[in-house]
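Engineer: fold the stuff below for me.
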Amino acid sequence: QVQLVESGGGLVQAEASLRLSCAASGFTVNAVYMGWFRQPPGKEREFVVAIDRTGYTYYADSVKGRFTISRDNAKNTVYLQMNSLKPEDTAIYYCAASTSYAITYSPNRYSYWGRGTQVTVSS
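Structural biologist: Next up is the predicted model:
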């Protein structure tokens, strides 16, 4: 059974850091595209970052230079290191997996999702 479980969210002040974790089961994270999406209050879900099978990464312009995705194959876990957080980063963050053969930024192409973890950044 495929399962994704996020953790690590919380309430922080601007410029702080957080690390989110996404523990996967039922498949191996290095065999698919793994992505992080977020949904700000009152807005649609948006792409944040993804990592492909080779380890190549793709970032949304809004988080480049501040966020880093990584993967621990032994733990079958994907991480999102978020630095220099801004109030506009406030959102529910979701981990997702896609079996697509090419990078996709659309949430519709990701088949498996976690339940999300709340990140709130105060000014």
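Engineer: what residues are up against the residue positioned nearest the centre of the chain?
Structural biologist: With the centre of the chain defined as its mean C-alpha position, the nearest residue by Cα atoms, centre = their mean is Trp36, 2.2 Å away. Counting by Cβ atoms under 8 Å, 6 or more residues apart in numbering, Trp36 makes contact with 20, 22, 48-50, 69, 78, 80, 93-96. All C-beta spots, glycine's among them, are computed from the backbone N, C-alpha and C.
Engineer: same thing but at 10 Å, please
Structural biologist: The contact partners of Trp36, taken as Cβ atoms under 10 Å, 6 or more residues apart in numbering, are 6, 20, 22, 47-51, 59-60, 63, 67, 69, 78-80, 82, 93-96, 114.
Engineer: what's opposite it in the beta bridge?
Structural biologist: Listed beta-bridge partners, Trp36: Val49, Cys95 (assigned using DSSP bridges).
Engineer: how far away is it from Leu80?
Structural biologist: Counting by Cβ to Cβ, to the nearest Å, the gap from Trp36 to Leu80 is 5 Å.
Engineer: overlap in contacts of those two?
Structural biologist: What both Trp36 and Leu80 touch, as defined by Cβ under 10 Å, 6+ apart, is the set 6, 20, 22, 48-49, 51, 63, 67, 69, 93, 95.
Engineer: top of those residues by neighbour count?
Structural biologist: Cys95 (29 neighbours; other Cβ atoms under 10 Å).
Engineer: any idea how far Arg40 lies from Val119?
Structural biologist: One correction, residue 40 is Pro, not Arg. Per Cβ to Cβ, Pro40 is found 10 Å from Val119.
Engineer: between these two, which has more neighbouring residues?
Structural biologist: Between Pro40 and Val119, Val119 has the larger neighbour count (other Cβ under 10 Å), namely 22 against 14.
Engineer: the more buried one against Leu20, yeah?
Structural biologist: Yes - with contact defined as Cβ atoms under 10 Å, Val119 reaches Leu20; the gap is 7.6 Å.
Engineer: can you list residues touching both of these two?
Structural biologist: 8-10, 80, 82, 93.
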